[in-house]
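>>> Show me how the following folds:
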Amino acid sequence: MNHPHDESRVVALVPAAGRGVRLGETLPKAFVPIGGSPMLTLAIDGLIASGVVDHIVIMVPAELIERARDLSTLAGGRVPVSVVAGGAERIDSVRAGLAAAPEATHVLVHDAARALTPPSLIAEVVAALRAGVRAVVPGLPVTDTIKSVDADGVVTGTPDRGGLRAIQTPQGFEAQLLREAYALDVPATDDAGLVERLGAHVHVIPGDPMAFKITTPLDLHLAHALLADRPVPQAVSR
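Predicted coordinates for the structure are as follows:
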């Protein structure tokens, strides 16, 4: 956990209220099993195995709070886990998680659907925060050619992919900075986007292919295959 002289508190917020329509499952996405364990459980296990998280807050649909508490109990209890009701939108869920973590000096926002994220990547995000970076996200170089198009589907440009990154989670922030960003109450596709609205610099560190988001049936099939080769997250040596 924290160094003896370090008074910081790292809280991981895990939005898990999404319905996962594109996944084609009847369960809310975070509760869909991979290799016998729900995505949410795998995500919690990875955060705990990183060795750098002091508290985990999960945001789920109100009717699934008890079920999520049962899952978090199975995670082992080495890190306190709280469960709160999420909102209709992701931004509402993260806001609820922030309210449940007043002690946080640093916040990670981590998608439950990135259930196979290596603990080492989580530790690297926190290491950047401890080094003084106020906002940090993992990202991978974009390998596909990207086109911008207009409303009629006509190409309007081809950005240089050399300067593009596909952003993953956990996204890490100084807690006060993220609170200020959420006070803006404006739409954004991710938490870093809100922080950018404040004019703060967001740093990108190398991501990991295993931190892919499980969104479609093909993603789910891939996750099952990968988990067969890596059944248990390996704790990070501190």
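
>>> Tell me the secondary structure at His201.
Following DSSP: H, G, I helix; E, B strand; the rest coil, the label given to His201 is coil.

>>> Quick one: low-confidence residue ranges for this structure.
Residue ranges of the chain with pLDDT under 70: 1-6, 19-26, 74-77, 230-238.

>>> Helices of that one, residue ranges please.
Listed in chain order, the helices of the chain (DSSP state H) span 39-49, 65-74, 90-99, 119-130, 175-183, 191-197, 217-229.

>>> if I look at the residue positioned nearest the centre of the chain, how far off is Ala99?
Centroid-nearest residue in the chain: His110, 1.4 Å away (criterion: CA atoms, centre = their mean). In this view, His110 and Ala99 are 18 Å apart by CB to CB, to the nearest Å. Where C-beta positions appear, they are placed from N, C-alpha and C, glycine not excepted.

>>> Neighbours of the residue nearest to Leu40 when sequence neighbours are not counted, how many?
Leaving aside its sequence neighbours, Leu40 sits nearest to Ala30 (CB to CB, 6 or more residues apart in numbering; 4.2 Å). Ala30 sits with 31 neighbouring residues when counted by other CB atoms under 10 Å.

>>> Tell me who's in contact with the residue nearest to the centre of the chain.
Counting by CB atoms under 8 Å, 6 or more residues apart in numbering, His110 touches Ala12, Leu13, Val14, Ala43, Leu47, Thr117, Ile122, Thr169, Pro170, Gln171.

>>> Just read off the phi/psi values of it.
The phi and psi values for His110, taken as degrees, to the nearest 10, are phi -130, psi 130.

>>> And it, how far from Leu98?
Separation of His110 from Leu98 (CB to CB): 14 Å.

>>> Endpoints of stretch 211-225, how far apart?
Chord length of stretch 211-225, first to last residue, is 14 Å (CA to CA, to the nearest Å).

>>> Just the buried positions in it, please.
Buried residues in stretch 211-225, counted by 16 or more other CB atoms under 10 Å: Ala211, Phe212, Lys213, Ile214, Thr215, Leu220, Ala223.
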